[in-house]
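# Take this sequence and fold it.
(6 chains)
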Number of protein chains: 6
Amino acid sequence: MPRYRPADSFETPRFSGVRTFMRLPHVRDLDNADAAIVGAPFDTGSSFRVGARFGPEAIRSASHLLRPYNPSQDVSLFDHLSVIDYGDVFVVPGFIEESYEKIQEGLETIHRAGVVPIVLGGDHSIALPELRAAAAARGPLALAHFDAHADTWDAYFGKKHNHGTVFRRAVEEGLLKPERSIQVGMRGPLYEAGDLRASLELGFELITTDEVRETGVKETVARVRERVGEEKVYVSFDVDFVDPAFAPGTGTPEVGGFTSREAQEFLRGLAGLEVVGADVVEVYPAYDPAGVTAVLAANAAYEILTLVALYRKRNPASRGLFRW
Amino acid sequence: MPRYRPADSFETPRFSGVRTFMRLPHVRDLDNADAAIVGAPFDTGSSFRVGARFGPEAIRSASHLLRPYNPSQDVSLFDHLSVIDYGDVFVVPGFIEESYEKIQEGLETIHRAGVVPIVLGGDHSIALPELRAAAAARGPLALAHFDAHADTWDAYFGKKHNHGTVFRRAVEEGLLKPERSIQVGMRGPLYEAGDLRASLELGFELITTDEVRETGVKETVARVRERVGEEKVYVSFDVDFVDPAFAPGTGTPEVGGFTSREAQEFLRGLAGLEVVGADVVEVYPAYDPAGVTAVLAANAAYEILTLVALYRKRNPASRGLFRW
Amino acid sequence: MPRYRPADSFETPRFSGVRTFMRLPHVRDLDNADAAIVGAPFDTGSSFRVGARFGPEAIRSASHLLRPYNPSQDVSLFDHLSVIDYGDVFVVPGFIEESYEKIQEGLETIHRAGVVPIVLGGDHSIALPELRAAAAARGPLALAHFDAHADTWDAYFGKKHNHGTVFRRAVEEGLLKPERSIQVGMRGPLYEAGDLRASLELGFELITTDEVRETGVKETVARVRERVGEEKVYVSFDVDFVDPAFAPGTGTPEVGGFTSREAQEFLRGLAGLEVVGADVVEVYPAYDPAGVTAVLAANAAYEILTLVALYRKRNPASRGLFRW
Amino acid sequence: MPRYRPADSFETPRFSGVRTFMRLPHVRDLDNADAAIVGAPFDTGSSFRVGARFGPEAIRSASHLLRPYNPSQDVSLFDHLSVIDYGDVFVVPGFIEESYEKIQEGLETIHRAGVVPIVLGGDHSIALPELRAAAAARGPLALAHFDAHADTWDAYFGKKHNHGTVFRRAVEEGLLKPERSIQVGMRGPLYEAGDLRASLELGFELITTDEVRETGVKETVARVRERVGEEKVYVSFDVDFVDPAFAPGTGTPEVGGFTSREAQEFLRGLAGLEVVGADVVEVYPAYDPAGVTAVLAANAAYEILTLVALYRKRNPASRGLFRW
Amino acid sequence: MPRYRPADSFETPRFSGVRTFMRLPHVRDLDNADAAIVGAPFDTGSSFRVGARFGPEAIRSASHLLRPYNPSQDVSLFDHLSVIDYGDVFVVPGFIEESYEKIQEGLETIHRAGVVPIVLGGDHSIALPELRAAAAARGPLALAHFDAHADTWDAYFGKKHNHGTVFRRAVEEGLLKPERSIQVGMRGPLYEAGDLRASLELGFELITTDEVRETGVKETVARVRERVGEEKVYVSFDVDFVDPAFAPGTGTPEVGGFTSREAQEFLRGLAGLEVVGADVVEVYPAYDPAGVTAVLAANAAYEILTLVALYRKRNPASRGLFRW
Amino acid sequence: MPRYRPADSFETPRFSGVRTFMRLPHVRDLDNADAAIVGAPFDTGSSFRVGARFGPEAIRSASHLLRPYNPSQDVSLFDHLSVIDYGDVFVVPGFIEESYEKIQEGLETIHRAGVVPIVLGGDHSIALPELRAAAAARGPLALAHFDAHADTWDAYFGKKHNHGTVFRRAVEEGLLKPERSIQVGMRGPLYEAGDLRASLELGFELITTDEVRETGVKETVARVRERVGEEKVYVSFDVDFVDPAFAPGTGTPEVGGFTSREAQEFLRGLAGLEVVGADVVEVYPAYDPAGVTAVLAANAAYEILTLVALYRKRNPASRGLFRW
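From the prediction side, this is the model:
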């Protein structure tokens, strides 16, 4: 039974080879994988800038900098996980509904195999088919959502589906357990005073960046952990959670954001939670001339993968949920 | 009765003021305009790169370099034309059909006022609503199409509408007179041997870049003029007609293209034709770090505007078609 | 009586239309405006890099990301203010004195109409004609100045006017009330030990970045508020106040600066002050490949506009000062 | 027996999937391949700029724009060839000799399987191990070398191996048939008057850009064909053969070069020759902000692959040389 | 008596050392120099973009690619010339008149020493003090001017001195022999039909790009040579003479320009003329992300230096004009 | 006896002149210098990105922004130090051993003259010859090392010398006093759990970024000072110590790093230590589109130079160690 791990960077240089996430094997062997990196190169849901379809390519390229041992969490990822780069799910550029179907279909296969998908976006509109796939396989989930925007607007230009409406849709469709879900980091100008209230009305907890600044990152992390509790959780990380200085290559940058260090602290603070799916979205390489956004996104995916490894390490039997 | 012309650049510097095309007034007074610059910031029809929604902004910005007298054609544009920057037509990002309706609606108003719209794209998929609007107001037109691609594929991913299928659709809908229409500059790898035959089957004449290289630019221009004859003609200029060295900021660059000088020669060679509408499309500013693509596109729009001025100069009564 | 507010971004996408600040109407109707965004595309006063003449264009473009409700201050700006994009004042590139005259003339008209101008620079040398205009209309003002540099040198190359001498000149000309004025954020290498003492000798209070780091942002904000008191105040925000990571596109970057979040805290902390004029200066788009500097500057102007809205909200009669 | 061809771009978009050349399968199944794309991410041999180690990544990414039918040569490549993306050969960054061994070893395996390798560089120093591998498997070859530089200097800093000395070494080692070899396109300042004479002394024919300009591209192509004759030929294409406008992202750019169109004409003119190996080198992505160099290089590799297809089409039995 | 030549690039790599032109010694020893590279980092005369003050730095950096033997002219430059990098002349940014004085003063010293200055701009406004210095030392000169613009406008914004008026001023001041002077390459939109007639009225010959395209480069070169005849000639090369594809980093780019190869042909065609001074101007590094403009400019300066070397080679006594 | 100090920026603008560090004289007069800026443009030791050979050029260019008085340390540098820009030491690109010899040789001369070299890298592999030179002249030193990576791996690809192994080598060769040496700032994924233990085994103290975040910057600085004590110390500053937002242009960026302000605090905190040599390394200009990395590196060198000035100010006799 093969176990999948990255190529050895002491043997072949990290800049060599076809670009897969962390130099992992690009296979679709779900039977022998615990987690799968999956690209979802879709950006038809973007309301301002576009180009997140090239996000998976950029994140994969930047991920070659990553190494297998995470010292902040003291875990060697591939001692506990077999991980593959599954490639990309199908999308139909220019067509949201059709793309949603194909993305859901692709991810559902992965979830049903008991494999944790870590999706590289793509704009945030892909979260809806992601959650549809997850819920279809595992039932409604908790959500830990890190973002400058709540993405719970109702519609843009009379249209229900885009990267600003996705979590409202997810609740309406019963894909989430709002009472176990939380949104963190909202900031920046809004259309109306009530914009963020929408999240509360949907049942989410919501912590703005202003609130985090008052209560501190550690306390906020504790609130996230408390909210999620023992539930299976989906982690959605929009790179505009951090400041444009740290992630300029995104679709709707908002100044006043977190540092990359703080983003790490948020994600690392989730250690122990049972992450069953995740995404890292809103990377727009054409707006990332120095490449720092892609590096940040690769690290975010890496920290989430670490969470999966930690959970497996502590709950070795957990993987059997679907397959054993 | 006001006449619209650019701000005087000996009085206020060209880098000042809100960016309109050539520093023209941004008004919607169709009654007193002969031609109108119109942005169509739509890029949901793109099959590879995206971002042409920022094309109108970039072209307007670059157009501040233009001056009112065209020495190669010996005409001072605004002695013969009153021109406005109409702003942008409405689009619904992520939704092709709805955008087509809105673009058509916006442009039809302009055509029906007897004003010649020069549309700044946007990806090439906007040519369909452009031609629908033009045909609705003026009946089927001749087409002079400069592009590396014929854009007559039938479908992508089972979808009929995108920037690669638009001229097939236009013929199917009866918007063009194929026997008076011509496509110039096709080059680059194709999916199949028959790809370009599709244009011939639709009734177009088609001259590849390879053929132009053999027969020369002047002879090719003569063939375009002969093909169009006395018909009202729509000019569609895709910036990938020129080589990526001259227009890197485009969606599907093809090496081996024309120089900017040759592009000027093609457009200048159309002097005397009755241009009733035009577009300059496929400018992707995020891929244009040195800004040369936007400068080229602004110049292409300028040469087309010159064609309108020349026709008016020689046919002063022509404007009355709809309004006098 | 028209009220001016931005275009509705649920109706037309934010990336569409001619670029005005926040998609506001570009009109010169001072009678019906409370505040006016004004570009001052002047950069002949720069001592190192140049190119701030394109600052207004870049800030206007980035401002399309802004939305009308400011949650951190709990105010919907356009419920309290009618705002226009006035366009640019005249400048004569290459000629400082003449430009000063024209800038002053342009801004004085605005001040005399009782409208608050928020000026988009341009290099910081424009602060002198700004203050001349403000003082001519309203008398000497308090100054709240955020910057890495005090800009109180006496001369460069024997020349009195440039972006490093402007506040010394302003005091010499009696345009400010130094005892109500304060400079915050100075840092970076200096020419001589006495460089910052010059500000004190002019009567200003000055708080270096080093001091802010010791006493904290909140305490510093309190000192600014205390210093200004009930005076009418001019806010001058140089983007090099923040660190080059957050604002690389500036003329004389100094490392060790504030974050974008801290900049927001400084500006938000001025709530309640009577801002009668302001500028956001030293944006050099050619050095801003990821566009983050323009986004930051647009947000700074937005926070200042919020201050004006807050003051009007709390003092509805205040607008009548000049016109009612 | 599997045949390898690119993914179908009407089914899945060209921007999706792990980046292999033209979306070909990334396998090492030499038994069922006619040609193999191979990366050689080595740049320790560079004398000025560096960074060609990222060349294979950039070329693979750009190659997603290519389509399978080459209209200029009227051939559908994958009707005649089974092609794989073999991935990269091993290199040891910082160590030329060791890298040469590993590169040779990797390529020799391919040659010995009767598969034609098309190598994506890397700096031009990799041509030596390429030719060692080719000669080991097939004996001395003819060379068709397109480049601004002859790369026949003897040494730099007393060192024999780098990207400027490689073809002198190849002759010294007996890897080439100089009397069947030709260098085209040399231009730009030299160290000494005798620099290009070195090529003649080694037995090569050499045609400078100045000479091509006098005699024309067609005549030059004819000379290349005549020189090579019926020999098995290695094609080495340095992207600095074209002008920096068309290929800025290279190590030692020389102005006054060819256009991309002319480069295509040179390569297309070789139709009928028996190409048994090739490289496209000197792509430095960090100096290629608009990506045009990578697009050009991908097209050059595509034209060379076309040559292999044409030869196979006309000589169906040729493949059996080693394996049948 | 020292002779100055570049550092040996076989001994120390070309990327090492403080950046001087071609790695020449940075000294001010005019007694032992035949030619001097001089920076004039002035850009206050720019009417649109700015930033040419960083032109000398960029050109010096790019010039490290140049080698001492020019094969197209068959001359090893430093066998005939001792050349220094003189550094920069003084300028006062923001002040045209004062800068003119300082630039003239700096260059006059060089001319009076019998040394040929090759000036690296800076915007084109520096040509006036250059010509003042040259005429003061050597009397009125012939001019060979390569540019997209004639730069003979009378004034901008009521101001006489900037980069668009300089050659009119030079004639008015008697610095040139118009009957021996010629302008080549004018193209692009103009303000009025009579704009180029101004040059003829000043006594210049003027050949537009349109005319060159009709008569050919060779014939045009012949006309330049004939016009200049035996006169001492000043060569002024504005990089916007070439197309923006080859020189994007310039102040007022005009599409439809020459290739870098053609630029070389123009300059090489002047072999035999007595060049006593020259400039290469309008390089704006902030608009030159791929660096090709600086490489082109360095090559232009190199070709001009070659002209000086050729003249000295053929007229060994010529240097004595002033000093022997 | 000459004293060397920067050109006066009130007399000539900072953007003028050949680029030396801080506009210092470029001479090799060690007899009259206290400190020397030295470039080491070597990058053959890089394991991922390359291009640090252009680091010295970029840092010198950015350093023109620096001014002579450091207000945070209250010292006017050149009142206490005579400083030269020594130019670059020799390197042999592509050859590590030979380059090490030449770098050592060049620096040893400087150390033996009693001059403090501040080396501008180059990749971090140059630290080995730096320390060899320092130890040869002054005996084993303490080390204060700021970096995201400990650089104490044993080998890459079986090779002992590169930018990741250098401090292990230095200890093995007895160049350092490990018990007086300390490494600060390590973070980011590692190959194995034991990677950082290697430093402890070598005798170093090591403080990770995680630890700094817990104990604070001030406390960490105190630990560095305590560790070094009265020893002569070598300061090695890798720009990846700071976050990629502040220093994107580096070879192996790690998110979660320090701010530029914190970097200044670390370096300023060393006031009083006897710095006898230093480097600032891993600046890769091709990955630094906004130039912020070079500005940061120039400031780091400036802070280190300040440390030397402070020590001299307090210990005026100290300079005599070797020469008096």
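
# quick one: the residue of the stretch 1-150 of chain A found nearest chain B and F:M186, what's the gap?
The nearest approach of the stretch 1-150 of chain A to chain B comes at A:V50, 4.2 Å away (CB to the nearest CB). Just so you know, the C-beta spots here come from the backbone N, C-alpha and C atoms, and that holds for glycine as well. According to CB to CB, to the nearest Å, A:V50 stands 38 Å off from F:M186.

# between the two, who's got more neighbours?
The neighbour count for A:V50 versus F:M186, taken as other CB atoms under 10 Å in any protein chain shown, is higher for A:V50 (30 against 27).

# quick one, what contacts the more buried one?
A:43, A:123, A:251, A:284, B:43, B:50-51, B:53, B:93 (CB atoms under 8 Å, 6 or more residues apart in numbering or on different chains).

# part of a helix, is it?
No - checked against DSSP: H, G, I helix; E, B strand; the rest coil, A:V50 lies outside a helix; its state is coil.

# nearest spatial neighbour of it, skipping sequence neighbours?
For A:V50, ignoring the flanking residues on the chain, the nearest one in space by CB to CB, 6 or more residues apart in numbering or on different chains is B:V50 at 4.2 Å.

# Give me the pLDDT for the one you found.
Looking at B:V50, its pLDDT is 97.

# Could you report the separation of it from A:Y287?
Counting by CB to CB, the gap from B:V50 to A:Y287 is 12 Å.

# repeat for A:V89
24 Å.

# List the residues that contact the closest residue to chain E within the stretch 151-300 of chain A.
Closest residue of the stretch 151-300 of chain A to chain E, CB to the nearest CB: A:P289 (8.7 Å). The contact partners of A:P289, taken as CB under 8 Å, 6+ apart, are A:248, B:289, C:289-290, D:289, F:289-290.

# Restricted to strands, list these.
Using DSSP state E, no member of the contacts of A:P289 sits in strands.

# which one of those residues is nearest B:S82?
B:P289 (35.8 Å; CB to CB).

# Centre of the chain to the helix or strand harbouring A:V280, how far?
For A:V280, the host element (DSSP states H and E) is strand A:274-281. Computed by CA atoms, centre = their mean, to the nearest Å, the chain-centroid distance of strand A:274-281 equals 5 Å.

# now stretch A:59-71
The answer for stretch A:59-71 is 16 Å, by CA atoms, centre = their mean.

# So it, near chain D or not?
Yes - using CB under 8 Å from any CB of the partner chain, stretch A:59-71 reaches chain D at A:60-61.

# Indicate whether that stretch makes contact with chain C.
No - on the criterion CB under 8 Å from any CB, stretch A:59-71 is out of touch with chain C, staying 15.5 Å away.

# Can you point out the buried residues in that stretch?
Residues of stretch A:59-71 classed as buried by neighbour count (16 or more other CB atoms under 10 Å in any protein chain shown): A:59-71.

# Name the residues of the stretch 201-324 of chain A found near chain C, please.
Proximity of the stretch 201-324 of chain A to chain C, by CB under 8 Å from any CB, involves residues A:208-210, A:213, A:243-246, A:248-249, A:252-257, A:259, A:287-290.

# Only the buried subset of the residues you listed, as a ChimeraX command please.
Selection of buried members from those for ChimeraX, criterion 16+ other CB under 10 Å:
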select /A:208,209,210,243,244,245,246,248,249,252,253,254,255,256,257,259,287,288,289,290
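
# can you tell me which of the residues of the stretch 201-324 of chain A next to chain C are in helices?
Among those, the members found in helices (DSSP state H) are A:209-210, A:213.

# Nearest to B:A263 among those?
A:T209 (48.7 Å).

# Show me which residues of chain A are close to chain D?
Listed as neighbours of chain D in chain A under the rule CB under 8 Å from any CB: A:12-13, A:15-20, A:26, A:39, A:41, A:53-54, A:57, A:60-61, A:85, A:87-88, A:90-93, A:289.

# Point to the residue nearest the middle of chain A.
A:D279 (1.8 Å; CA atoms, centre = their mean).

# Now for chain A, the helix or strand with the poorest mean pLDDT.
Every helix and strand in chain A was compared by mean pLDDT, DSSP states H and E; the lowest is helix A:320-323, with a mean of 42.

# where do the helices sit along the stretch 1-150 of chain A?
All helices of the stretch 1-150 of chain A, identified by DSSP state H, counting those that start in this stretch, fall at A:55-62, A:77-80, A:96-112, A:127-138.

# Mean pLDDT and distance to D:R138 added to those, as TSV?
Converted to TSV, the helices of the stretch 1-150 of chain A look like this (pLDDT from 0 to 100; distance: least, CB to CB, whole Å):
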stretch	mean pLDDT	distance to D:R138
helix A:55-62	98	35
helix A:77-80	96	41
helix A:96-112	97	44
helix A:127-138	98	52
